[in-house]
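[1] here is a sequence with its predicted model. Questions after.
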Amino acid sequence: MDIEGETNEGSFDAGDPSELREQAEETLAEFTPSEEEAFSRASFEEHAYVYTLFQQQGEDYAVEEENTVSSAEWIAAELDAWRTFAEEDYGFSYTRENFEAYMNEQEEQVLQEDTELQVLLDVLESENPELSAQQLEFQYAKSFIWQQIREDAAADAEVNPSSTQEWNQLYFEVEQNVFEQLQENYPELNSSADGPE
């Protein structure tokens with residue numbers, strides 16, 4: 001998740017696990033997430049905030065606290081809008097078991113390539129295993145929800161399974177519906193419509 005400002009990729013060695021671990025430990029010394037209800041807006045906001053702080057540890061510029069908080073709020077509201085949309089339109093229901101099964105399919109091709117995230121998860125695991133699990137939920141919430149609802153969405157839209165263009169169009173339409181719900185449910189965030197993804 002990006003925050004406002006210019007990234008200085010030379011400020012730390014993103015491939016050095018020991019340096020990344022030090023960054024993660026410094027982050028948790030500054031802010032340790034609370035254990036919230038799994039897959040909730042409160043949990044998303046806690047973990048968006050700690051992840052943003054973790055990224056800032058590798059930057060050479062200061063970011064206003066207000067911007068960091070606003071970024072976390074916006075991201076959490078977006079993910080919560082995805083969850084609410086999926087529940088209301090497709091009967092989505094979150095279970096840790098289904099999420100873990102999804103992550104077992106993703107870890108080899110995605111998570112193991114992200115050293116930065118893996119180090120943060122390890123440090124959170126040492127602090128509290130549930131915090132590590134909730135950070136993972138935050139990171140993969142959107143892709144997990146889409147994986148859970150896409151077949152039903154495709155059936156409703158009569159998507160040709162072999163057409164990449166139609167799948168892309170379907171995702172775009174679902175995303176537009178989510179953003180409409182985001183604007184309706186969280187009008188205070190409308191001024192942040194161009195906020196972080």
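    On my side now, so go ahead.

[2] other SSEs contacting the helix ranked longest in the chain?
    Within the chain, and with DSSP state H defining each element, the longest helix by residue count is helix 129-157. In terms of contact count using 3 or more C-beta pairs under 8 Å, 6 or more residues apart in numbering; DSSP states H and E, helix 129-157 is assigned the packing partners helix 41-56, helix 65-90, helix 96-106, helix 115-127, helix 164-185. Where you see a C-beta, it was placed from the backbone N, CA and C, and this is true even at glycine.

[3] go again using 6 Å as the cut-off
    Contacts of helix 129-157 with other secondary structure elements, assessed using 3 or more C-beta pairs under 6 Å, 6 or more residues apart in numbering; DSSP states H and E, are made with helix 41-56, helix 65-90, helix 115-127, helix 164-185.

[4] show me the shaky parts of this protein.
    Residues of the chain meeting the criterion pLDDT under 70: 1-15, 58-63, 108-113, 190-197.

[5] in it, which residue is most central in space?
    To find the centre residue of the chain, average its C-alpha atoms and take the closest one (C-alpha atoms, centre = their mean): that gives residue 139, at 3.4 Å.

[6] ok, it - contacts?
    In this structure, residue 139 makes contact with no residue, judged by C-beta atoms under 6 Å, 6 or more residues apart in numbering.

[7] what's the spacing between it and residue 76?
    The gap separating residue 139 from residue 76 is 13 Å, by C-beta to C-beta, to the nearest Å.

[8] next, count neighbours for residue 171.
    As a burial measure, residue 171 scores 14 neighbours (other C-beta atoms under 10 Å).

[9] now the residue nearest to it when sequence neighbours are not counted: how far from residue 28?
    Closest residue in space to residue 171, ignoring its immediate chain neighbours: residue 146 at 7.0 Å, by C-beta to C-beta, 6 or more residues apart in numbering. As defined by C-beta to C-beta, residue 146 lies at a distance of 30 Å from residue 28.
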